[in-house]
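A.B. asks: quick check, what structure comes out for this input:
(chains A and B)
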Protein chains: 2
Amino acid sequence: VPRIIHVGLGPLGRRIAADVRGRGLGELVAAFDTDASMVGRTLEELGVEGAGPVRVSEKLGVAIDVGADVAVVTTASDLAHCAGTFRQLLHAGLSVVSTCEELIFPQLRHAPLAHELDAIAKLHGGRLLGTGVNPGFLMDALPLFATAVCREVRTVRVLRRQDATSRREPFQRKIGATLTPAEFESRVRAGTLRHVGLGESMFLLASGLGWTVDSWHETIEPVLADRPLRCALGEIQPGRAAGVRQSSAAVTADGRRIELEFIAAIGADDPVDRVSIEGDPPLRLEYPGGVHGDTATVAITLNAIPSLLASAPGLHTMATVPLVRSWAGVGGGVAR
Amino acid sequence: VPRIIHVGLGPLGRRIAADVRGRGLGELVAAFDTDASMVGRTLEELGVEGAGPVRVSEKLGVAIDVGADVAVVTTASDLAHCAGTFRQLLHAGLSVVSTCEELIFPQLRHAPLAHELDAIAKLHGGRLLGTGVNPGFLMDALPLFATAVCREVRTVRVLRRQDATSRREPFQRKIGATLTPAEFESRVRAGTLRHVGLGESMFLLASGLGWTVDSWHETIEPVLADRPLRCALGEIQPGRAAGVRQSSAAVTADGRRIELEFIAAIGADDPVDRVSIEGDPPLRLEYPGGVHGDTATVAITLNAIPSLLASAPGLHTMATVPLVRSWAGVGGGVAR
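C.D. replies: A predicted model of the protein is given here:
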């Protein structure tokens, strides 16, 4: 039974911590968050049902000193922001699973840092893996595994189209719902409106296929309401943003292509997750209705732990660890 | 570039050998088959395009002595029949990929032998993996990976329904097309009519999920023609077999279930590969139109090689090696 530290106790971190107990997957031994108002409080007080007497430590080092096998880090999307945390955990020889989106394929935007973290992990027997439903599965690891039955792959296209109507308010805000096109544009320029990780998904795919990307680009634009729509933020008039459409495309020198399209919008028709492969054989794989993101990310973060623990020390991706799958933990009539 | 030995030069083995060259995946250094009429002939003479001067060795030991990293074994479906070959290759420290259906999860029907092969592999630095499109992917490894985003799994159902009209004649014969129900029944009793590996797929899934199977059973029956049908073997009158329907179901002590259904029949409507998961979240994943089997098995057998070589010595399954994906080999504008 792995002993687990939780770093980052926002809504996602708390749901994951609750599942460690609820699913019988490990022992919750310590917790840390930079939010001073949490320090000294028990996880139970923070809403983690059944978490027992574990209190939020005032320093990460204090949490580490409790002694653990695994750390679950749910703090930030950008790797630079998480780097200090990862260094400290890896120095202690821990196996670290994180939802940090840029960690899905850190070689893309942070190559020297990726190299450094890999070296620290190897030196101290630690492991580091970024995961999540997207990035981490639907638009990268799953399409990559889908190619296993192809003797040739010329193009990989992945579409994730979500109807955001039933998603929580912060998500609707994140995708720009209700904004005018000008407001949308200015938030994109400020870097506060984008799905983080699309480029990382693309390079995880390209790297896994053994492709060298010759050129690539990303685009982001609003999905404009074509009729009055309602969401948690209020009414959306026609011509205002209902959500976001983000694309990433890469091409190799010999003309192979990866095309990823991410759409999340209020009232989006025909939600679906779809992988289309031009190759031999050609393939189309889809989730009719799509995969709802919140629960799936909570799940895959914990499900990745046994695969990471079975891997050699170092920096990993979802393509270098043994197949991640749901696991039933101890008890419950199940066994490994 | 791995140096590869081919063991078993039937139609499947020859197609795989041709792809090693065609895809630039390795160096074809030796070959062996028990068919005396092949001994001394070059692979090129046996129809492997571009295979060069490699000749079929008279003994497996002679092929091994050429010196290789990997052996591809495409000989028989039953593990007992392949065991001697695997022992010899593993003794030489080779990494062995095979389409032997029972090798997908050899612990099911050959636990002592699985244990022995694992021990030999570990002692000599060899590796052993069974793969294929089915068993090996569509009804086991893929549904297992699909559960990665589930925090709970109660039931996994997998349906593979193939229209066998365009498949090659030996496949149509194998599924019992044109037989009377009595003939079909007698071939089932003789053990010459079944899809080998359905039970192995089920236990690969159960084991991967950490489930202990409490009881399981398999059924096999003809799909009867409800109208006149034509196939490569001639006309099929209504009431005669158009193909086979085979099911495997397992249940755990706490009521979790795995249900696999394999249908291959002339004129089967709505061919599809579908995974349905009752759990949290519930999921439905499908290949509309299904995946054609022949090319896919050729592909995945070679695609599994880098993942097996990246694993520790020993007996592996598709769930213990890093994610298998299509790879582009050397040259062709691509790089690892």
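A.B. asks: quick one: least confident helix or strand in chain A?
C.D. replies: helix A:169-174 (a mean of 88; mean pLDDT, DSSP states H and E).
A.B. asks: any bit of the longest helix anywhere in chain A sitting next to chain B?
C.D. replies: Scanning chain A for the longest helix, with DSSP state H as the assignment, gives helix A:293-309. Yes: for helix A:293-309, a contact with chain B is found by C-beta under 8 Å from any C-beta of the partner chain, at A:295-300, A:302-304. (Each C-beta comes from the backbone N, C-alpha and C, glycine too.)
A.B. asks: where's the dip in pLDDT among those?
C.D. replies: When the residues of helix A:293-309 next to chain B are compared on pLDDT, A:Thr295 comes out lowest, with 91.
A.B. asks: for the closest residue to A:Pro288 other than its chain neighbours, which residues are in contact?
C.D. replies: What sits nearest to A:Pro288 in space, not counting adjacent residues and going by C-beta to C-beta, 6 or more residues apart in numbering or on different chains, is B:Arg284, at 5.9 Å. Residues counted as contacts of B:Arg284 (C-beta atoms under 8 Å, 6 or more residues apart in numbering or on different chains) are A:287-289, B:274-277.
A.B. asks: just A:Gly197 next, same as before
C.D. replies: A:77, A:101-102, A:104, A:132, A:134-136.
A.B. asks: identify the farthest-apart pair in these.
C.D. replies: Largest separation among the contacts of A:Gly197 by C-beta to C-beta: A:Glu102 and A:Asn134, giving 13.6 Å.
A.B. asks: quick one, which of these two is more surrounded?
C.D. replies: More crowded of A:Glu102 and A:Asn134, by other C-beta atoms under 10 Å in any protein chain shown: A:Asn134, with 28 against 25.
A.B. asks: didn't the more buried one look like it was pressed against A:Ser201?
C.D. replies: Yes: using C-beta atoms under 8 Å, A:Asn134 is in contact with A:Ser201, at 7.4 Å.
A.B. asks: can I assume A:Arg154 sits in a strand?
C.D. replies: Yes: A:Arg154 sits within a strand when classified using DSSP: H, G, I helix; E, B strand; the rest coil.
A.B. asks: look up how far A:Ala190 lies from it.
C.D. replies: 38 Å (C-beta to C-beta, to the nearest Å).
A.B. asks: those two - which one has more neighbours?
C.D. replies: A:Arg154 (15 against 8).
A.B. asks: the more buried one and A:Glu259 touch, don't they?
C.D. replies: No: counting by C-beta under 8 Å, A:Arg154 stays clear of A:Glu259, with 11.7 Å between them.
A.B. asks: what about chain A, any weak spots by pLDDT?
C.D. replies: For chain A, the stretches with pLDDT under 70 are A:329-336.
A.B. asks: how about the spatially most central residue of it, what does it touch?
C.D. replies: Geometric centre of chain A, nearest residue: A:Gly132, 3.0 Å, by C-alpha atoms, centre = their mean. Residues in contact with A:Gly132, defined by C-beta under 8 Å, 6+ apart, are A:99, A:101, A:104, A:197, A:297, A:300-301.
A.B. asks: let's see 10 Å
C.D. replies: Contacts here follow C-beta atoms under 10 Å, 6 or more residues apart in numbering or on different chains; on that basis A:Gly132 touches A:12, A:74, A:97-101, A:103-104, A:138, A:140, A:197, A:293, A:296-298, A:300-301, A:304, A:318, B:149.
A.B. asks: ditto for A:Asn303
C.D. replies: A:Asn303 sits next to A:19, A:23, A:25, A:97, A:131, A:137, A:296, A:324-327, B:147-151 when contact means C-beta under 10 Å, 6+ apart.
A.B. asks: recalculate using a threshold of 8 Å.
C.D. replies: A:Asn303 is in contact with A:324-327, B:147-150, counting by C-beta under 8 Å, 6+ apart.
A.B. asks: show me which of those are buried.
C.D. replies: The neighbour count (16 or more other C-beta atoms under 10 Å in any protein chain shown) marks A:324-327, B:147-150 as buried among the contacts of A:Asn303.
A.B. asks: pull the most distant pair out of those.
C.D. replies: Distances among the buried ones among the contacts of A:Asn303 were taken as C-beta to C-beta; the most separated pair is A:Trp327 and B:Val149, at 12.8 Å.
A.B. asks: right, and A:Cys100 touches A:Leu79 too?
C.D. replies: Yes: using C-beta under 8 Å, A:Cys100 is in contact with A:Leu79, at 5.9 Å.
A.B. asks: on that earlier part again, buried ones in the longest helix of chain A?
C.D. replies: A:293, A:295-308.
A.B. asks: would you check which pair of the residues you listed lies furthest apart?
C.D. replies: Applying C-beta to C-beta across the buried residues of helix A:293-309, the maximum distance is between A:Gly293 and A:Pro306, 22.7 Å.
A.B. asks: returning to what we had before: residues in contact with the following helix or strand past the least confident helix or strand of chain A: which ones?
C.D. replies: Remark: after helix A:169-174, the chain's next helix or strand is helix A:181-189, criterion DSSP states H and E. By C-beta under 8 Å, 6+ apart, the list of residues contacting helix A:181-189 from outside reads A:176, A:179, A:193-194, A:220, A:222, A:224, A:239-241.
A.B. asks: going through those, which ones are buried?
C.D. replies: Looks like the contacts of helix A:181-189 have A:176, A:179, A:193-194, A:220, A:222, A:224, A:240-241 buried, using 16+ other C-beta under 10 Å.
A.B. asks: strands of the stretch 201-336 of chain A, start to end?
C.D. replies: A:213-224, A:229-231, A:234-236, A:241-252, A:257-265, A:272-280, A:283-288, A:314-316 (DSSP state E, counting those that start in this stretch).
A.B. asks: returning to what we had before: tabulate the contacts of A:Asn303 (JSON lines), appending distance to B:Leu60.
C.D. replies: Shown next, in JSON lines, are those (distance: C-beta to C-beta, whole Å):
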{"residue": "A:Val324", "distance to B:Leu60": "37"}
{"residue": "A:Arg325", "distance to B:Leu60": "36"}
{"residue": "A:Ser326", "distance to B:Leu60": "41"}
{"residue": "A:Trp327", "distance to B:Leu60": "39"}
{"residue": "B:Thr147", "distance to B:Leu60": "39"}
{"residue": "B:Ala148", "distance to B:Leu60": "39"}
{"residue": "B:Val149", "distance to B:Leu60": "44"}
{"residue": "B:Cys150", "distance to B:Leu60": "44"}
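A.B. asks: so which of the strands of the stretch 201-336 of chain A gets nearest A:Asp69?
C.D. replies: strand A:314-316 (15.7 Å).
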